[in-house]
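>>> Quick one: sequence and predicted model below, then my questions.
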Amino acid sequence: MAFETAPYSSGAEPRIVEALRHGGALAVSLVATSDDGSIVGHAAFSPVRIDHEAGHWYGLGPVSVVPEMQKLGIGRALIREGLSRLAALDADGCVVLGDPAYYGRFGFVSDPALTYGGEASPYLQRLVLRGRSPKGDVRYHPAFELA
């Protein structure tokens with residue numbers, strides 16, 4: 001499992017992806033495979049709601065790459081391809097909860113106008129694909145309550 005030894009993981013990531021899949025909430029789901037066909041990475045994008053805002057916003061996550069294949073660009077390629085597919089779906093943007101140093105590479109920025117659970121966080125970041133920046137509380141699919 002990609003998250004087994006990660007200190008920030010609750011271990012719920014596979015259950016979250018399954019719940020998103022069963023709930024029909026995976027707008028984009030990308031899998032990376034090795035030469036022998038084994039799955040080595042996955043990136044999920046699902047719709048989010050942002051208070052007081054109309055629009056088509058998505059959340060990135062979970063993203064996983066098996067430990068022995070990390071730092072080879074697999075996660076980066078999955079994220080870039082997923083963002084490209086969101087743009088093709090006319091998405092307004094994407095949010096992510098994660099390391100600003102990592103997700104900043106893709107253009108994500110922290111925005112105090114966005115909150116999660118009613119609080120602003122530097123780990124909550126957004127990437128505008130079209131239109132303007134949203135304001136309000138971000139709500140992920142109920143599958144994320146498994147974390």
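Nice, I can see it.
>>> Okay, now the unreliable bits of the protein?
1-11, 54, 147 (pLDDT under 70).
>>> ok, which stretches of it are strands?
Assigned strands in the chain, in chain order: 28-33, 39-50, 57-65, 93-97, 109-110, 114-116, 124-128, 136-139 (criterion: DSSP state E).
>>> quick one: the longest one to chain centroid distance?
Between the centre of strand 39-50 and the centre of its chain there are 5 Å (Cα atoms, centre = their mean, to the nearest Å).
>>> got the buried residues for it?
By neighbour count with 16 or more other Cβ atoms under 10 Å, strand 39-50 contains the buried residues 40, 41, 42, 43, 44, 45, 46, 47, 48, 50. Bear in mind the C-beta positions are built from the backbone N, C-alpha and C, glycine included.
>>> Give me the nearest residue to the second one, chain neighbours excluded.
Spelled out, it's residue 41. residue 32 (3.7 Å; Cβ to Cβ, 6 or more residues apart in numbering).
>>> From the centre of this protein, point out the most distant residue.
Distance to the chain centre peaks in the chain at residue 36, reaching 26.7 Å (criterion: Cα atoms, centre = their mean).
>>> Please name the residues that touch that one.
Counting by Cβ atoms under 8 Å, 6 or more residues apart in numbering, residue 36 touches no other residue.
>>> list the buried ones in stretch 24-43?
Quick answer for stretch 24-43 (16+ other Cβ under 10 Å): 25, 26, 27, 28, 29, 30, 32, 40, 41, 42, 43.
>>> so can I have TSV of these showing distance to residue 137?
Shown next, in TSV, are the buried residues of stretch 24-43 (distance: Cβ to Cβ, whole Å):
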residue	distance to residue 137
25	18
26	23
27	20
28	23
29	25
30	27
32	32
40	35
41	30
42	27
43	24
